[in-house]
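Chemist: The amino acid sequence is not available; the structure is as follows:
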């Protein structure tokens, strides 16, 4: 009888430990770090699609336009003369970005864009923006795409390359 009570206590204790272990949130050190969302880009650094179209259609100098979104979306449709860099949330793409801008004047106008998803969920533009900012670039704008490139650029009839 003592052995049965001991086994019952041991089973209850094991169950309690299991419940505690399951309910403990995964430690931050075990999680993959998530990139900051686009919403951290300062408002003053945003450019609207309408304003970018005006610049592209003007006779003045054009900014360097860099796509920091998924390759598949770039292949489907992109802003003419935009260069594909890779997803800004990928460290390898940030290395590509760094190499692409090396040697450029820090005052060179640059426009970054992604367009993969709604602005508040985009994981790509903020890391790319912060990379250029950390490299000392002073004329970086991020194209504000509230929904996605299809809705906010292509469907509006803005210049598109495919």
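Modeler: Received it, and whenever you're ready, just let me know what you need. Quick caveat: nothing in here was measured; it's all calculated off a predicted structure.
Chemist: Run the chain-centre distance for the host helix or strand of residue 150.
Modeler: Taking DSSP states H and E as the definition, one finds residue 150 inside helix 149-152. In terms of C-alpha atoms, centre = their mean, to the nearest Å, the centre of helix 149-152 is found 16 Å from the chain centre.
Chemist: Could you name the helices and strands sitting against that helix?
Modeler: For helix 149-152, there is no helix or strand it packs on, judged by 3 or more C-beta pairs under 8 Å, 6 or more residues apart in numbering; DSSP states H and E. Just so you know, the C-beta spots here come from the backbone N, C-alpha and C atoms, and that holds for glycine as well.
Chemist: Next, the buried residues of that helix.
Modeler: Residues of helix 149-152 classed as buried: 149, 152 (neighbour count, 16 or more other C-beta atoms under 10 Å).
Chemist: For the closest residue to residue 113 other than its chain neighbours, give its distance to residue 162.
Modeler: Once flanking residues are discounted, residue 113 sits nearest to residue 143: 3.7 Å by C-beta to C-beta, 6 or more residues apart in numbering. Per C-beta to C-beta, to the nearest Å, residue 143 is found 18 Å from residue 162.
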